[in-house]
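Colleague: please work out how this folds:
(one chain, ligands or ions: 1)
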Amino acid sequence: MDGDLVPKTGLKVKPVAIAGVRLRPLTPAPDLRGSLCEIHRDSWELAARPVQWDFINTRRHVLRGVHVHRLRVDYIVVVGGRATIGLADLRRDGPSFRRGMTLQAEGEAPQVLIIPPGVAHGIYAHDPVTYLYGLSAYYDGVDQAGCRFDDPDLDIDWPSRAPILLPRDADLPDFATLLRQFEAAGGVPRRS
Ligand SMILES: Cc1cn([C@H]2C[C@H](O)[C@@H](COP(=O)(O)OP(=O)(O)O[C@H]3O[C@H](C)C(=O)[C@H](O)[C@H]3O)O2)c(=O)[nH]c1=O
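Modeller: Here you go, the predicted model:
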């Protein structure tokens, strides 16, 4: 029953150059009123289940990040405006260690981006951007570290060299320092 109701084209997951990052295009069902689009079912089992959802507004030309988590998976669904999401892999024992990349996301073509622990990320807003942000563990303010968005070692080609940053994010350390801190804290715990 459940399977019959799931839009089939919405189940595809696109491969992405960083291991464990998953991008799942969504398929809105349009009608004369507008459209409706499922963004999450537990039964899809794409990654650790989100237990918390945030709703985020970001002004034009703002960049949030670059941040990384050791323990939690993040879900990002841009629902309004256009964003560039930058990603960089800090997991030394993985196949895409130190690989950086960007992805485009916009409310007109919704998709779910799943970011595993150990993949640093930031989100740049070309327009005013609204997005839903899912977390696989409750926010505690502790599982978060970061580095300067423009550190060349991130290998992220941002669309702007001078985005609006929170002073906290402008003062973040360089990539090498983040990597040291991340590894000193234990990196991403291995699954037993
Ligand atoms: C994430 C979160 C934050 N907060 C509070 C803490 C601050 O008072 C305020 C803004 O939080 P923060 O500065 O951490 O938000 P961002 O800089 O946008 O960071 C978030 O988005 C970037 C791209 C990331 O990568 C982070 O993982 C994610 O935390 O909301 C909460 O109360 N609950 C929450 O779940």
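Colleague: beta partners for R82?
Modeller: E106 (DSSP bridges).
Colleague: likewise for the one 5 residues further on?
Modeller: Beta-bridge partners recorded for L87 (DSSP bridges): M101, H121.
Colleague: and the contacts of the longest helix seen in the chain?
Modeller: Ranked by residue count under DSSP state H, the longest helix found in the chain is helix 175-184. For helix 175-184, contacts defined as C-beta atoms under 8 Å, 6 or more residues apart in numbering pick out 68, 70, 88, 90, 92, 118, 120, 145-148, 151, 153-154, 172-173. C-beta coordinates here come from the backbone N, C-alpha and C atoms, glycine included.
Colleague: which among those residues count as buried?
Modeller: Buried members of the contacts of helix 175-184, counted by 16 or more other C-beta atoms under 10 Å: 68, 70, 88, 90, 118, 120, 145-148, 151, 154, 172.
Colleague: got these as TSV, with pLDDT and secondary structure columns?
Modeller: Shown next, in TSV, are the buried ones among the contacts of helix 175-184 (pLDDT from 0 to 100; DSSP: H, G, I helix; E, B strand; the rest coil):
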residue	pLDDT	secondary structure
V68	98	strand
R70	98	coil
A88	98	strand
L90	98	coil
G118	98	coil
A120	98	strand
A145	97	strand
G146	98	strand
C147	98	coil
R148	98	coil
D151	98	coil
L154	97	helix
L172	98	coil
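Colleague: dump the residues you listed to a markdown table, plus distance to E45.
Modeller: Putting the buried ones among the contacts of helix 175-184 into a markdown table (distance: C-beta to C-beta, whole Å) gives the following:
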| residue | distance to E45 |
| --- | --- |
| V68 | 24 |
| R70 | 22 |
| A88 | 26 |
| L90 | 25 |
| G118 | 20 |
| A120 | 25 |
| A145 | 28 |
| G146 | 29 |
| C147 | 32 |
| R148 | 36 |
| D151 | 35 |
| L154 | 31 |
| L172 | 34 |
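Colleague: all strands for this structure, in order.
Modeller: In the chain, the segments counted as strands under DSSP state E are 22-25, 29-31, 34-36, 52-58, 63-68, 74-80, 82-89, 100-106, 111-115, 119-125, 129-135, 145-146.
Colleague: out of those strands, which gets nearest to the ligand?
Modeller: The ligand lies closest to strand 63-68 among the strands of the chain, at 3.6 Å (C-beta to the nearest ligand atom).
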